[in-house]
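Chemist: Curious how this folds, go ahead:
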Amino acid sequence: MKGRMGEERGATVVLVALGMVALMGMAALSLDVGELVRVRAHLSDAAIAAALSAARELPDNPTAARQVAVAVAHANGAGDPVDVVISSSRSGGPLDRVTVTLHGHAAFRFAPVLGETGADVAQGATAQAGTVAGLRGAVPLGVEKGTYQYGQTYTLKSDDPLVPGNFGALALGGRGADNYRDNLQHGYAGVLQTGMQVETEPGNMSGPTQQGLQPRIDADPSATCATVQPGSPRLLYVPIVDFAGAHGRSTVPVVGFAAFFLSSTQKGEVTGCFLRLVTDGDWAPLDPAQDYGLRSVALIQ
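Modeler: Next up is the predicted model:
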């Protein structure tokens, strides 16, 4: 009896030992799997950052987009090669899409006993430039749809009527001089979207225009069209509208959005320098009919 019990105890010890070895092996291999996951996640994050940054240069400057993608990938710890493919999202369309693929290697510490020393890893991300289809913070100046050149100065609000009774002012979120002045100084708190009908604010509104915009100039007096920095109060986001048929207090459609540097305001006239700018806002695919230089970027995959 004792001999049999001893044999059973010995067998149990062997089984426990084998089980411990198996568990330790699984734990060791899980560390290698964790390293593989870590490398993949790191490359994925770097690819996303590179693609989104590069898309900000599209479609106007694909060469700069490629350079930015490589620089951002390296800044986020990715090595060479950095594969960058710039393409169009639709046949015959602008170069609005960028795919960045990064490569790395996960070195294993324990899997070599099974013949695996590591694994090559590739992760990619695709981002696309688009137009801003909706945003907060627009100023209540309706700029007439047309053709604008970057760096050129235009009249954003005239001292002469654009159409009978209208000088370019808009009634966003309410009517009256106080609401108009507050929206000029702080930006409209609501969301404007392309296709939306907005109400005009008839009359020259000369005093409220000066009172609403002069504080923006005073807050950044040394800025110019060429030197203005993101976040400057002199950056104006304006709705592009179609004033055709407007007369007195009317509604006009929003057909796009643009960014201008506030150059001057006096006697009811406002001038601004037309900018190419990327900002947060509702994203939509690039549409030449709605593209007025204010862009947004989105991660496609």
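Chemist: helix/strand/coil for Glu57?
Modeler: coil (DSSP: H, G, I helix; E, B strand; the rest coil).
Chemist: What segments of the stretch 51-200 of the chain are strands?
Modeler: 82-87, 97-107, 118-136, 143-144, 153-157, 170-171, 191-193, 197-200 (DSSP state E, counting those that start in this stretch).
Chemist: of all these, which lies closest to Val70?
Modeler: Val70 lies closest to strand 82-87 among the strands of the stretch 51-200 of the chain, at 4.8 Å (Cβ to Cβ). In this view, the C-beta of every residue, glycine as well, is placed from N, C-alpha and C.
Chemist: could you check the angle strand 97-107 makes with that closest one?
Modeler: 160 degrees (axes from the mean of the first three to the mean of the last three Cα atoms, to 10 degrees).
Chemist: Partner strands of strand 82-87 and their direction?
Modeler: strand 97-107 (antiparallel) (DSSP bridges).
Chemist: now Asn75: how far from Asp45?
Modeler: Not Asn; residue 75 is Ala. Separation of Ala75 from Asp45 (Cβ to Cβ, to the nearest Å): 12 Å.
Chemist: my bad, Asp182
Modeler: 41 Å.
Chemist: Per the annotation, how does the chain divide into domains?
Modeler: Segmentation of the chain into domains, based on automatic domain parsing, reads 2-129, 137-299.
Chemist: how about a markdown table for these, with mean pLDDT and mean neighbour count added?
Modeler: Formatted as a markdown table, those follow (pLDDT from 0 to 100; neighbours: other Cβ atoms under 10 Å):
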| stretch | mean pLDDT | mean neighbour count |
| --- | --- | --- |
| domain 2-129 | 79 | 16 |
| domain 137-299 | 96 | 18 |
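Chemist: right, so of the strands of the stretch 51-200 of the chain, which gets closest to Leu36?
Modeler: Using Cβ to Cβ, those put strand 97-107 closest to Leu36, at 4.4 Å.
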